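**Student:** compute the structure for the input listed below.
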Amino acid sequence: MQATSLQCEAGVILKPLEPANADELFQLVDSNRARLRQWLPWLDQNTKATDSAKFIEITQADAARGAGFVFGIWVDGELAGVASLLALNKANRFGSIGYWVGKKFAGRSLARKASRALVDFGFQTLNLNRIEIRCATGNLSSQRVAEGLGFQFEGIARQGENLYGQFVDHKVYSMLAGDC
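**Tutor:** Here you go, the predicted model:
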C-alpha cells in the first residue's frame, strides 16, 4: 500500500519521503543533530546524505508492504521534520507514532498537527484499533503532544530504549479507535 499526502492545515502537509528528498533530509538532520540526539537513538547511523537516502529507500519498501509509513512534514514547501506510523501489526490492528521537528520550526505545534493526521490515517484508512506514542520520561515536548491529542497515559516502560548506551524509561500513551 502506498500512502498519499495527508493535509494537516493550510501550508502544512505530510508527504511520503522520496529519494529526491535525501539531501534536504540529511541537511535538516545534520543541522539539528545535537538537539535530536537527546531523544532519538539513530543519529550516529545518519552521518551523510547517502544514509538518509538509504533510510528513504527502506521506508518506501516498508510502505509498499504496509509495514509502516514515514512522512516528511512540509511547511510551505520546506521540509520541517518527519512523522511516522510504524510497528504496524495487522493481526492486532496496532501502530506506533513517532515524530521530530527541526528547531527552526519548533513552537508551531507541527508534531501535534502531524500526529493528528497520522491518527486519522491510522484509524480511518488502516483500520487500526490502537495507536501508541512512547517517549522518554524527560521528553516533555513529546508528552505534551500525546496529552494534547487526548492519548491516555498507561504507565512507564522501564528502560524502554537504549539511547547511546544509556537505557531510558518511556512513558506509554495510547488511543483506541473508540476514543475518537
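
**Student:** now residue 56: which helix or strand?
**Tutor:** helix 49-65 (DSSP states H and E).

**Student:** elements contacting that helix?
**Tutor:** Packing contacts for helix 49-65, counted by 3 or more CB pairs under 8 Å, 6 or more residues apart in numbering; DSSP states H and E, involve strand 12-16, helix 22-31, strand 69-75. (C-beta placed from N, C-alpha, C; glycine too.)

**Student:** any idea how far the worst-scoring helix or strand of the chain on mean pLDDT is from the chain center?
**Tutor:** Lowest on mean pLDDT, DSSP states H and E among the helices and strands of the chain sits strand 6-9, with a mean of 88. Relative to the chain's own centre, strand 6-9 is displaced by 15 Å; criterion: CA atoms, centre = their mean, to the nearest Å.

**Student:** make 840 the starting number, not 1.
**Tutor:** Got it, first residue is 840 now, which makes that one strand 845-848.

**Student:** closest to residue 1003 out of the helices and strands packed on helix 888-904?
**Tutor:** For the helices and strands packed on helix 888-904, proximity to residue 1003 was assessed by CB to CB; helix 861-870 is nearest, at 15.7 Å.

**Student:** what are the buried residues along the next helix-or-strand element following the closest one?
**Tutor:** Going down the chain from helix 861-870, the next helix or strand is helix 872-876, by DSSP H and E. Under the neighbour-count criterion of 16 or more other CB atoms under 10 Å, helix 872-876 has residue 875 buried.

**Student:** what residues does helix 872-876 touch?
**Tutor:** With contacts defined as CB atoms under 8 Å, 6 or more residues apart in numbering, helix 872-876 is touched by 868, 882, 939, 942, 1003.

**Student:** filter the residues you listed down to the buried ones, PyMOL style.
**Tutor:** Buried residues among these (16+ other CB under 10 Å), as a PyMOL selection:
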select buried, resi 868+882+939
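
**Student:** tell me the most buried of the helices and strands packed on helix 888-904?
**Tutor:** strand 908-914 (a mean of 23; mean count of other CB atoms under 10 Å).

**Student:** what lines up beside it in the sheet?
**Tutor:** Using DSSP bridges, strand 908-914 pairs in its sheet with strand 851-855 (antiparallel), strand 917-928 (antiparallel).

**Student:** what's whichever helix or strand comes after the last one packed up against?
**Tutor:** The helix or strand immediately downstream of strand 917-928 is strand 933-940, counting by DSSP H and E. Contacts of strand 933-940 with other secondary structure elements, assessed using 3+ CB pairs under 8 Å, 6+ apart, are made with strand 917-928, helix 949-959, strand 969-975.

**Student:** now render the helices and strands packed on helix 888-904 as CSV, adding distance to residue 930 and mean pLDDT.
**Tutor:** Shown next, in CSV, are those (distance: least, CB to CB, whole Å; pLDDT from 0 to 100):
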stretch, distance to residue 930, mean pLDDT
strand 851-855, 24, 96
helix 861-870, 32, 97
strand 908-914, 18, 97
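
**Student:** if anything else comes up later, I'll come back, but that's it for now.
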